[in-house]
Structure formats: structure tokens, C-alpha cells
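Peer 1: Below are the sequence and a predicted model; questions follow.
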Amino acid sequence: MKRTLLCGLAALGVAAVIPACGDAAGDTTLSGLSRERFRSEVNGRRTDLYTLTNAQGMEVCITDFGARIVSIMVPDRTGVLRDVVLGFDNIDDYRNIPSDFGAAIGRYANRIAGGRFVLDGDTVRLPVNNFGHCLHGGPDGWQYRLCEAQRPDAQTLALTLHSPDGDAGFPGAVTAKIVYRLTDDNAVDISYEATADRPTVVNMTNHSYFNLSGDPAHPILDHVLTIAADGYTSVDSTFMTLGRIDPVEGTPFDFRQPTAIGARIDADDEQLRNGHGYDHNWVLSTAGDLSRPAARLVSPVTGIALEVFTDEPGVQVYVGNFLDGTVRGKGGVSYARRTAVCLETQHYPDSPNKPQWPSTVLRPGETYRSRCIYKFSVDK
């Protein structure tokens, strides 16, 4: 039986709660979203839409269902605000159409081989939902759960959830917090925290689909990508990591210099065939230094640039290879193949089964922490 996910308030030490999206329930955001279309009930609790704004006029909209980023409005080189993420314009589509658009992923982002791992001598079995593996916490991951929100100010949203012991097969009750902060230098600063009452594994990320052209029908292949990584974790034909780190040197996976995503995506390469394009984890050389960009993405059409900063050891780059036009998003636009790229900062896939890689084990008395900063600017 599916167990309801209980949520608690994020402890930010601020009592004030700011209205979700303007003063009236029918307000429309800069991205054209109506708050009313996000107000519904999930297991007897209300969902809502929250809007963050900064001094530069940038806007970020987030729903408490899955702690999902719904829209990000940033200025292009001419000053025109453009929505640079894919998603839906109503809560019903988020609930009824399986997707990870904009979601805070947990309890374990990415894949766990065969839906099983051993922790302290005990075998943990998880539901499988992707080529025989457990992907993004399984078919009932945190992206489909309702969180409770608190607004300390116009630029911050805190979302808290409680995942009970045995949730989707994972051991231990976990309390997780996701805090979104929109800074005045046009950065979306995401902080994650989690604690557990039993040993478990935690690996969280954000699954926004970016298209910096502002046109979700425009292919992502012309976007220029840079990744600070000398290696990547190769995969088999089921997208499962092989347990080794291969060098990017001399391969289509070398993005150490700015390179168009589409420049080599269809090259004759076994890893590209296995991933149906790019759907791999890059091993970052930034060593957790938040002052060094882990990745940079630029649209030649708009000049909008995105820098990614993280304290995580890896970033999964996925270029929408499985979008096929059957899903219609905001404005009724069909999301076609390779019209967006995800830059998911995280620990490596299947780390619970790979002792040679950084551990994702969380024990009682410890606090899981992770941070990802999506910083926007313009290349003139």
C-alpha cells in the first residue's frame, strides 16, 4: 500500500510567511502561469505555486508538489525575459503525466543496479522502473510527493518532507529539506539537507530541463557546453555504470573546452550508442569547490549563459534523448527529442554498489548536505 509522505516546516528561524504568488489567487506570473491552476488537493492537502523575484526582475516559479521548478524567467542579450526550463502550466499534468521536469529528486537520484544494494550486511530491495534498475527513487520517488512550504522572504522558498522507514523499500525514516534562494546576481541557489534515524542512502539533485533559447521547440544541439571533468562513468546498454571512470580525452565526452552539444552526439561511439546520446555522469575536477564552475551552458540564439556550481563530485548530463513529442508542456508545446539538457549535480550512479566511489550512506547523527547553484548571465 502506498504510504502518504508527511511533511514538516523548514526550520529557517523566520516566522513570516509571504503569499505564494501575489495578492490574488488568480494572479499570473511573468511566465504566464496562473496560481489557480496549481491549487488542488493531494491526499487531502493543498498544493500551490510560489514565485521568487529579485532586484533584477528575474522570476522563478516553484510548486510544492515534488519541490519542482516550473519556470525560470531570465533576460536575454536584448533584455527580453525568457522562460528557460521545460514543464507544465498546471498541477494536474504534473500529477498525471510521469515526468521529472524541475523536480527535487530523492531518496536516491540516478540508478541503483537491479534495485538492490547491501548496507551493513543487509540486502535492501527496491522497486525497479528503468531497464531493470531503480531510477530516481523508483516509480513513487520524492518528485511525486507534496512538501510543506515556508516563505521567509520574497527570494527564498523552503520545502520539507518526511520519508518514512521502508518508503519505496529504503531503510530509515528521513527528513529532507530543500531551500531555493534567488539571489540578486541572478542565481538559483539550491541547498539540500537530510537526516535519518537508521542507516540509509541519500543522493539528491534537481532535474530541471534547460533550453536557454527560451523556445522549447528549438533543439538543444546548438547550445555550447563546457564541463570541468577529465573523466566520466561509462555505462552498459541498460544505462548502468560499469564501475570504472574512463578518460574524456580523445572521445565525444571531452567538453573541457566549449563545444556544441550536437557536434559529436551522433559519432560512431559505443558509449553514445549505449546512452542514446549523452546520458552520463561526468566526474568533476572541481573537488567540491563552490567557487569553480562545474559546467557552463550558452545559447548562441539568446546569449543566455548558465554556470553550474556544486560541492558534489559529479554531474549527470542528459540531453532529452527520450523526449518524443508525445508530452505537451507549457503553452501546449510538444517536447521533442533533444530539446533540453539536464545538468544534475550528484554523487555517482549506483554508488551504494560501488565501494570504490564516494559514499552515499547517511547514518543517524549525521546530516546529508548538498548544494547546487544555477547562475545566469548573458554573453553579448
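Peer 2: Cool, the structure landed.
Peer 1: Mind listing residues that contact the helix or strand containing Gly231?
Peer 2: Here Gly231, judged by DSSP states H and E, is contained in strand 229-235. With C-beta atoms under 8 Å, 6 or more residues apart in numbering as the test, strand 229-235 has contacts from 241-242, 244-249, 253, 255-256, 271, 274-275, 279-285, 294, 314-315, 348-349. Where you see a C-beta, it was placed from the backbone N, CA and C, and this is true even at glycine.
Peer 1: repeat for stretch 251-268
Peer 2: So stretch 251-268 is contacted by 219-230, 232, 246, 248, 269, 271-272, 277-278, 280, 282, 295-296, 298, 319, 338, 341 (C-beta under 8 Å, 6+ apart).
Peer 1: Next, the buried residues of it.
Peer 2: Pro252, Phe253, Asp254, Phe255, Ala260, Ile261, Gly262, Arg264, Ile265 (16 or more other C-beta atoms under 10 Å).
Peer 1: From the contacts of stretch 251-268, which land in helices?
Peer 2: Among these, DSSP state H puts Gln271, Leu272 in helices.
Peer 1: In ChimeraX, how would I select the buried members of the contacts of stretch 251-268?
Peer 2: Buried residues among the contacts of stretch 251-268 (16+ other C-beta under 10 Å), as a ChimeraX selection:
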select :219,220,221,223,224,225,226,227,228,229,232,248,271,272,277,278,280,282,295,296,298,319,338,341
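Peer 1: I figured Tyr278 hits Leu272, correct?
Peer 2: Yes: contact status for Tyr278 versus Leu272: in contact at 7.4 Å, counting by C-beta atoms under 8 Å.
Peer 1: Tell me how many other residues crowd Gly314.
Peer 2: 29 (other C-beta atoms under 10 Å).
Peer 1: For it, which residues are in contact?
Peer 2: Taking C-beta under 8 Å, 6+ apart, one finds Thr233, Asn281, Trp282, Val283, Leu284, Thr345, Gln346, His347, Tyr348 in contact with Gly314.
Peer 1: what about 6 Å?
Peer 2: By C-beta atoms under 6 Å, 6 or more residues apart in numbering, the contact set of Gly314 is Asn281, Val283, Leu284, Gln346, Tyr348.
Peer 1: mind listing which of those are in strands?
Peer 2: Among these, DSSP state E puts Asn281, Val283, Leu284, Gln346 in strands.
Peer 1: Can you redo those as TSV, where the extra columns are pLDDT, neighbour count and distance to Ser334?
Peer 2: Below are the ones in strands among the contacts of Gly314 laid out as TSV (pLDDT from 0 to 100; neighbours: other C-beta atoms under 10 Å; distance: C-beta to C-beta, whole Å):
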residue	pLDDT	neighbour count	distance to Ser334
Asn281	98	27	29
Val283	98	20	35
Leu284	98	24	34
Gln346	98	24	29
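Peer 1: The residues you listed into JSON lines, with extra columns for distance to Thr195?
Peer 2: Shown next, in JSON lines, are the ones in strands among the contacts of Gly314 (distance: C-beta to C-beta, whole Å):
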{"residue": "Asn281", "distance to Thr195": "26"}
{"residue": "Val283", "distance to Thr195": "28"}
{"residue": "Leu284", "distance to Thr195": "26"}
{"residue": "Gln346", "distance to Thr195": "19"}
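Peer 1: And these, which is closest to Thr47?
Peer 2: For those, the minimum distance to Thr47 (C-beta to C-beta) is 26.0 Å, reached by Gln346.
Peer 1: Cross-check the contact I'm expecting between that closest one and Gly106.
Peer 2: No: assessed by C-beta atoms under 6 Å, Gln346 is found out of contact with Gly106, at 10.5 Å.
Peer 1: picking up where we left off before, need the max-distance pair from the ones in strands among the contacts of Gly314.
Peer 2: Greatest spatial distance among the ones in strands among the contacts of Gly314 (C-beta to C-beta): Val283 and Gln346, at 11.7 Å.
Peer 1: Any figure for the gap between Trp282 and Leu343?
Peer 2: According to C-beta to C-beta, to the nearest Å, Trp282 and Leu343 sit 10 Å apart.
Peer 1: Mind listing the shared neighbours of the two?
Peer 2: Common neighbours of Trp282 and Leu343 (C-beta under 6 Å, 6+ apart) are Val315.
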